[in-house]
Structures are given as C-alpha cells and as structure tokens.
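> kindly generate the corresponding structure for this input.
(2 chains)
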Amino acid sequence: MIPPQDRDEADKRITDEEQREAEALRVALETGNTAQRDANVARAIAAAMLPSELTEAQHQVAFARAEWLTAQRVRDARKNWVRGFVAATVTFSTAAAIVLLVWGARTSKSVPSNGFGTSTQSLFTEPFAQDTSASTERLDRIVEARSHAFRYQRYEQWGVR
Amino acid sequence: MLPRVDDEGGRVRELERTLVERSQRGDRVAMGELCKMHGPALYRSVLLPRLGNAAAASDALAETYARVIEKVHLFRWHPAGIYPWLRTMAMNIAIDHLRAQRRWSVISPDDLERDLVDHDAVDMEVELLAHHDLQEARSRVQTGLRMIHPRYRKAIELRILEDRPREEVAALLDVSPPTFDVLLHRAMKALRAALVANADGAHARKEARR
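Residues are numbered from 1 along each chain as shown, chains lettered A, B, ... in the order given. Model prediction:
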C-alpha cells in the first residue's frame, strides 16, 4: 500500500490503473517478461546507452546458426529448382500432348486432296435418255468413279501411293 | 622496437583482405575468422542499440553472418575494408527486424533507413564508424532524458541504466518502493513520449533543410 505522503508524486494523483501498470512494470523488470511495453523500452534504452559486448559463445552460436541458415536456403533453392523443373516438364508434356491430339485428330479427319469431287456432273458430258434403260449405265459410271476415288484415298492414307 | 600504429593497422587490413579473398574462394575457416573479426562491433554498435534486446540482436547477427556467407563473392575490395559493407547489411537486417516485430525502438526503422541513405559511411574506419553508430543511439536517449522531469530522469538512470535494486533507488529518491514503481512507470511513459517527439522534431528539421 502506498503511504499517503507519497501519493502526490509529481503533483499527480495515483490512479488505480497507474498502480496496476506500475506493478506490471516492476514484475516484468524483475522476471524478464518481454510482453510488457515499458519494460521493453527500459531494456532498449539500456541497450542503447550501455550495450553489452558480444561473447565468444554468442559469436559461435550465431555463426553456427548462419551456416545452418545458408545450408537450409541452398536446400530450399534446390527443392524449388526441382519443383520448377517438374512443373515445366509437366506443362511442356501436356502442351505437347494437346498439340499431338489436335494434330492427330486433324490428320485422321482430313481427306487427302485428290481432285475427286462429290458432284457427278463431270461424269456425264452427254445427256441421258429419259427412259429407265439408261439408269444402269449411269449408276455403273458413278460406282466406278466412287470406287476409284475410295481406292485413291485409302492408298493416300496408307501412304503407299 | 614497437610497431607503429599505422604499421599495425596496415597489417590488420592485409590480414582482413586475405580473409576476404579466402572466404570468396569458399574457405569456411576464413569466413569464421572474418565474422569473428567484425561480429563484436556489429553486435555492440549496430544491432544491440537499435534492436534493444540481446535475443533480437543475436538473431540479427546470425542473419548478417548468413548473408555474408551467401554474398561475400559480390564484395569488391575497398581501402576502408569490409566493415562498412557488413554494417550496411546489418543495418538493413535491423530495419527488417524492427518492421517485422513492430516493437518500440530508440531509433525508428524509418529514421534508420533515412540515416543509412543520408550518410555515406563507406570511407570511415571501423572504430570511427562503430563510435558514430553507438553515439547516434546514445544521443537519442540522452536528448529524451534531458526533456523529462529531473526526478523521472533520476529514477531511470538509477534503476534502469545503473541497474540498482528497487528498494535502494526508492530510498535514494525518498519514497516507498510501491511509490517508486509508479514514479518509474510515469518516467518511462514520459521518456517514451519525449523520444517520439524528439524523433518527429528531428525528422521535421531534416525535411526543412532539404
């Protein structure tokens, strides 16, 4: 408990909140608690005014930690490189697969240019008689032309032409 | 005959240059020697006064050593030696630490960054540079202490800087220990405000000069 004669320190009344904060500062200074703001300020000004020397043990610990940190970063960099390489390979492979699929699909769908049309006009230069006896000859000519075109395209696809 | 100071300095600089060259070739022992040569000055003059506690300063020192190991091959020899290069690295690490931790510090990270940019310290000798760095932090605190109530200043000097026991300081200031706790609490609050005001004023003066 604060004696009455001390309560007007610096012409200010001591509030309950101040008393609580003062007690927290005292405890933090005595226990080394780093969560108390004023205790940290106190340590900071002491470090600024009278900084301690670096001991041999502190140097050794810091250097060993630095070597560990450096090795860790090299490992991380390697891991990242491998990850990047794998990602690039997968991306490239996927892109290549897509290209092959598209190209393959186009190739399989495409009809080699063979000059054969689907029109039958070129097969008949003269007009046919309007009776049914001419139908067979007309159909034969179409069948022959289509068979020729079919064989031509098949040989083109097989690559044997 | 004792060697002249200049001869001694020259020999140290030659040794340092040899250590740098060996470190650049990947010699781990030389790197350890180089760090041992300058680590104490970096810790005591640059890191501890700016970071404000031993744990943070030790972490920052380890990080500084790690960056030296990684980047020493980039260093080009300078007549002032490697210390100014190491100091800049340590300062930048201190700035990063302060910004990441968001803790109160005698010199704010913004002020540190401004000082680093404003002062070209590359040609200063190690001792002068270390002294300059120490003095910079000390003068901030001293200015703050001059701005507060004399009784508050006394409380801080005795309890915090001289690390005297609470009861002893309370007796010296003629108050009870619980009252001294309140006095110290008020003193710390006043000092914090004074340091902030002083830093803001210094920044405003610098800006006005530009």
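> and the helix or strand bottoming out on mean pLDDT in chain B, what does it pack against?
Taking mean pLDDT, DSSP states H and E as the measure, the helix or strand of chain B with the lowest value is helix B:109-118, at a mean of 77. Contact here means 3 or more CB pairs under 8 Å, 6 or more residues apart in numbering or on different chains; DSSP states H and E; on that basis helix B:109-118 packs against helix B:83-101, helix B:177-209. In short, each C-beta sits where N, CA and C put it, glycine included.
> any idea how far it is from the chain center?
Mean-position distance between helix B:109-118 and its chain equals 13 Å (CA atoms, centre = their mean, to the nearest Å).
> can you name the element that comes right after that helix?
Sequence order places helix B:126-147 as the next helix or strand after helix B:109-118, per DSSP states H and E.
> list the buried residues in the helix or strand following that next one.
Using DSSP H and E, the helix or strand that directly follows helix B:126-147 along the chain is helix B:150-156. Buried residues in helix B:150-156, counting neighbours by 16 or more other CB atoms under 10 Å in any protein chain shown, are found at B:152, B:153, B:154, B:155, B:156.
> how about helix B:150-156 and chain A, touching?
Yes: judged by CB under 8 Å from any CB of the partner chain, helix B:150-156 and chain A are in contact via B:151, B:152, B:156.
> centre of the chain versus that helix, how much separation?
Per CA atoms, centre = their mean, the centroid offset for helix B:150-156 relative to its chain is 24 Å.
> same deal with stretch A:51-70?
Taking CA atoms, centre = their mean, the mean C-alpha location of stretch A:51-70 is offset from the chain mean by 38 Å.
> quick check, that stretch touching chain B?
Yes: using CB under 8 Å from any CB, we find that stretch A:51-70 touches chain B at A:51-54, A:58-59, A:61-63, A:65-67, A:69-70.
> lowest-scoring secondary structure element of chain A by mean pLDDT?
Per mean pLDDT, DSSP H and E, helix A:135-158 ranks last in chain A, at a mean of 81.
> mind listing what's buried in that helix?
residue A:149.
> tell me what it is packed against?
For helix A:135-158, there are no packing partners by 3+ CB pairs under 8 Å, 6+ apart, so no helix or strand.
> got the phi/psi numbers for residue B:148?
Backbone torsions for residue B:148, taken as degrees, to the nearest 10, come to phi -100, psi 170.
> compare the helices and strands packed on helix B:109-118 and give me the one nearest chain A.
Nearest to chain A among those is helix B:177-209; the distance by CB to the nearest CB comes to 3.6 Å.
> run the chain-centre distance for the closest one.
19 Å.
> packing partners for that helix?
So helix B:177-209, by 3+ CB pairs under 8 Å, 6+ apart, packs with helix A:16-31, helix A:37-49, helix B:109-118, helix B:126-147, helix B:150-156, helix B:166-172.
> measure the residue most central in space within chain B to residue A:21 for me?
What sits nearest the mean C-alpha location of chain B, by CA atoms, centre = their mean, is residue B:46, with 2.9 Å. According to CB to CB, to the nearest Å, residue B:46 and residue A:21 sit 32 Å apart.
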